[in-house]
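A.B. asks: Coordinates for the following, if possible.
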Amino acid sequence: MEELKSIMEKFVESGWELISVPAQEWLNGTADKDSLIAAIEQADVECGSCGCDMDPLYKRALELLKA
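C.D. replies: Below is the predicted model:
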């Protein structure tokens, strides 16, 4: 759970509304899990292979959320 919290904090810090808003909602305890997963999956499609530090975080967050 601590690993997922750390990833969500990085998503919030990114400032990318697609993932920062649902990640903040998750941190606040108000997130809809399905919406959060959908947002991370969309971020992975749009940016998941660009080579930035976030690329592996999308995949890891999805693993943790779906476990």
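A.B. asks: So which other helices or strands are in contact with the host helix or strand of Pro22?
C.D. replies: Take DSSP states H and E as the rule and Pro22 turns out to sit in helix 17-28. If contacts are counted by 3 or more CB pairs under 8 Å, 6 or more residues apart in numbering; DSSP states H and E, helix 17-28 sits against helix 2-14, helix 33-47. All C-beta atoms are positioned from the backbone trio N, CA, C, and that covers glycine.
A.B. asks: I'd like to know how far the residue positioned nearest the centre of the chain sits from Gly51.
C.D. replies: Within the chain, the residue whose C-alpha comes closest to the C-alpha centroid is Ile40; the distance, by CA atoms, centre = their mean, is 4.8 Å. Distance check for Ile40 against Gly51: by CB to CB, to the nearest Å, it reads 18 Å.
A.B. asks: Equivalent analysis for Ala39, please.
C.D. replies: Taking CB to CB as the criterion, Ala39 is separated from Gly51 by 21 Å.
A.B. asks: okay, these two: which has more neighbours?
C.D. replies: Of the pair Ala39 and Gly51, Ala39 is the one with more neighbours under other CB atoms under 10 Å, namely 24 against 7.
A.B. asks: who touches the more buried one in this structure?
C.D. replies: Applying CB atoms under 8 Å, 6 or more residues apart in numbering to Ala39 gives the contacts 18-19, 21-22.
A.B. asks: Equivalent analysis for Trp16, please.
C.D. replies: So Trp16 contacts Ala43 (CB under 8 Å, 6+ apart).
A.B. asks: Please apply the same query to Gln42.
C.D. replies: If you count contacts by CB under 8 Å, 6+ apart, Gln42 has them with Leu18.
A.B. asks: same thing but at 10 Å, please
C.D. replies: For Gln42, the contacting residues are 18-19, 48, 58, by CB atoms under 10 Å, 6 or more residues apart in numbering.
A.B. asks: on that earlier part again, tell me which residues are up against the helix holding Pro22.
C.D. replies: If you take CB under 10 Å, 6+ apart as the criterion, helix 17-28 is touched by 4-5, 7-14, 16, 30-33, 35-40, 42-44, 46-47, 54, 57-58, 61, 65.
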